[in-house]
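>>> Predicted model, plus sequence, below.
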Amino acid sequence: MEHPTSPRRRGVVSGILCGTLLALGPLSASAEAFPTRPIRVIVPTDPGGAVDGLARTFQRAFEEMGVFPQSLAVVNMAGAGGTIGTRAIKDADPDGYTIGTWHDGLVTSRAMGVVDFDHTAFEIIGATGFADLGLAVAADSRFGSFEEMLEYARANPGEVTCAANIGLPVHFVPMQIGVESGVEFRFVQSGGGARRFQSLLGGHLDFAMFSTQELTQFEQQGLRTILLLSEERVADFPDVPTARELGIDVVATSTRLWLAPKGTPPERVEVLRDAFRAAMEREDVAQQLIAFGLEARFIEPAAVEAALDEALANTLPLVEIARQIQQ
């Protein structure tokens, strides 16, 4: 989805968050009773991936900062395209002791009917950065460029294949590119980033969408980036055009959301929000997020909600097409 905080800049968020924990001093009197026990963080992926790494980055930061009396307890709940974990966040007691992290798949899963809830079923704490996205093919692909692939797709509807995770942004964003370009891609269920990578490397499918962090990693292992979905070219891929440069009006990012169950007391949500704001001021946290391929900035809940509303509105018209081509 197009990000709400453009124009963008790389790097560390400047220290201008007035009143943010005042150098991590004592919490205000109204918040002294929370938390008194560990806060559980649900991660809807297996350990070791980028989403899990993000959660553990804040786990370490909060411990070093001494914001909470005990460390966060990270709990991995992978499966069903992240919907097992997000449902567990939604259904947890709204007491502030269970939160979780996910991305824009929260709205695409709802649009596709995979789940019966979206971002409105949560209290949005905020977002801690977002990743640029792009399309890649195998290094030895029959397509030398995105324009060449597009030309072939126009002449051969449904023959160009996209490795996808049906119902998530890696499915809907390439579909939107096809709609905007007037071509028909064929989408094949492949799974997460590692599985999509293998589908391309093995020559089984033609292209897939990845974050720029994944693209940097996978280019060293046999993939080639052919299109960026950012507002402007990315420094790590100076020769790769953006979709907008080619006349395709698609800009998409993957935002790292932090969620609490609906009905969590506002004062507790604010304690959590203040902790994330303060952590984002740290150089080590910002640098780690940059290493994850993220723009290191805290995004306030109102901006997050507006962007997710827009993403849902953009996705809904594609749902019937998606169902028709679902493998």
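Structure's in. What do you need?

>>> Confirm for me that Ser181 is in contact with Glu147.
No: Ser181 is beyond contact range of Glu147, at 10.2 Å (criterion: CB atoms under 8 Å). The way it works is simple: take the backbone N, C-alpha and C, and place the C-beta from them, glycine included.

>>> who has more neighbours, these two?
Taking neighbours as other CB atoms under 10 Å, Ser181 and Glu147 compare with Ser181 leading, 18 against 13.

>>> Beta-bridge partners for the most centrally placed residue in the chain, please?
By CA atoms, centre = their mean, the chain has its centre lying nearest to Ser254, at 3.2 Å. Assessed by DSSP bridges, Ser254 has beta-bridge partners Ala131.

>>> Residue ranges in the stretch 1-150 of the chain under the pLDDT threshold?
For the stretch 1-150 of the chain, the stretches with pLDDT under 70 are 1-32.

>>> any chance you could map the helices in it?
Along the stretch 1-150 of the chain, the stretches classed as helices by DSSP state H, counting those that start in this stretch are 50-65, 83-91, 105-112, 146-155.

>>> the strands in this protein, which residues?
For the chain, strands defined by DSSP state E occupy the ranges 40-43, 73-76, 98-102, 122-138, 161-164, 186-189, 207-211, 223-228, 253-261, 294-299.

>>> would CSV of these with distance to Met112 be doable?
Formatted as CSV, those follow (distance: least, CB to CB, whole Å):
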stretch, distance to Met112
strand 40-43, 21
strand 73-76, 23
strand 98-102, 15
strand 122-138, 18
strand 161-164, 12
strand 186-189, 12
strand 207-211, 16
strand 223-228, 24
strand 253-261, 17
strand 294-299, 25
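
>>> Pro317: which of the ones you listed is closest?
Comparing those against Pro317 with CB to CB, the closest turns out to be strand 186-189 (16.1 Å).

>>> which secondary structure elements does that closest one contact?
strand 161-164, helix 169-181, helix 319-325 (3 or more CB pairs under 8 Å, 6 or more residues apart in numbering; DSSP states H and E).

>>> Kindly recompute the last result at 6 Å.
For strand 186-189, the packing partners by 3 or more CB pairs under 6 Å, 6 or more residues apart in numbering; DSSP states H and E come out as strand 161-164.

>>> Send me the strand it packs on as PDB with only the CA atoms.
The C-alpha trace of strand 161-164 is given here as PDB (Å, rounded to 0.1, in the frame of the first residue of the first chain):
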ATOM      1  CA  THR A 161       3.200 -17.400 -13.700                       C
ATOM      2  CA  CYS A 162       3.500 -15.600 -10.300                       C
ATOM      3  CA  ALA A 163       4.600 -17.500  -7.100                       C
ATOM      4  CA  ALA A 164       2.100 -16.300  -4.500                       C
END
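
>>> What are the contacting residues of that strand?
With contacts defined as CB atoms under 6 Å, 6 or more residues apart in numbering, strand 161-164 is touched by 170-171, 174, 185-188, 190, 196, 199, 205-208.

>>> List the strands paired with that strand, with their directions.
Applying DSSP bridges to the sheet, strand 161-164 is found paired with strand 186-189 (parallel), strand 207-211 (parallel).

>>> taking these together, which one is wrapped up most tightly?
strand 207-211 (a mean of 26; mean count of other CB atoms under 10 Å).

>>> from the chain's centre, how far out does that strand sit?
Centroid separation for strand 207-211 versus its chain: 13 Å, with CA atoms, centre = their mean, to the nearest Å.
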